[in-house]
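J.: below: sequence and its predicted model.
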Amino acid sequence: MPTARWNGAVIAHAADDQVQVVENNVYFPLSAVTQAYLRPSSHTSICPWKGTASYYDLVVDGQTNANAAWYYPQPQDAARQIAGHVAFWRGVSVER
């Protein structure tokens with residue numbers, strides 16, 4: 001079962017058939033992410049084939065990992081399978 005951890009906390013945990021792997025990144029369904037650790041960020045980025053990504057900061061035990069989670073609110077058709085999913089980076093450990 002894929003699991004994302006940061007700063008000693010399990011950020012997300014989902015069954016294999018619930019995640020999507022795109023470009024070697026594991027996208028967890030938002031329902032599998034502990035919402036208490038997410039804080040919306042104003043940061044965005046653009047992928048030519050997935051669309052515009054929005055970000056979350058992770059906040060665990062008073063520590064902040066800025067823009068460590070991203071998602072595509074309205075992915076382009078080629079990436080529609082990651083709608084409603086979140087991926088992680090910047091020191092977040094993702095085990096498959």
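T.: Yep, it's here. Numbering: from 1, shown residues only.
J.: how far does stretch 18-31 sit from its chain's centre?
T.: Offset of stretch 18-31 from its chain centre (Cα atoms, centre = their mean, to the nearest Å): 7 Å.
J.: what's the mean pLDDT across that stretch?
T.: For stretch 18-31, the mean pLDDT works out to 97.
J.: where does pLDDT dip in the protein?
T.: Within the chain, no stretch has pLDDT under 70.
J.: ranges for the strands of it?
T.: 3-6, 9-13, 20-22, 25-29, 38-47, 51-60, 63-71, 85-88, 93-95 (DSSP state E).
J.: out of those strands, deepest packed?
T.: strand 85-88 (a mean of 24; mean count of other Cβ atoms under 10 Å). Placement of C-beta: from N, CA and C, glycine included.
J.: mind listing residues that contact that one?
T.: With Cβ atoms under 8 Å, 6 or more residues apart in numbering as the test, strand 85-88 has contacts from 4, 6, 11-12, 19-20, 22, 25-30, 33, 38, 56, 58, 68-71, 94.
J.: now render the strands of the chain as a markdown table, adding distance to residue 79.
T.: Below are the strands of the chain laid out as a markdown table (distance: least, Cβ to Cβ, whole Å):
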| stretch | distance to residue 79 |
| --- | --- |
| strand 3-6 | 20 |
| strand 9-13 | 19 |
| strand 20-22 | 7 |
| strand 25-29 | 9 |
| strand 38-47 | 8 |
| strand 51-60 | 7 |
| strand 63-71 | 11 |
| strand 85-88 | 10 |
| strand 93-95 | 19 |
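J.: that concludes my questions; thank you for your assistance.
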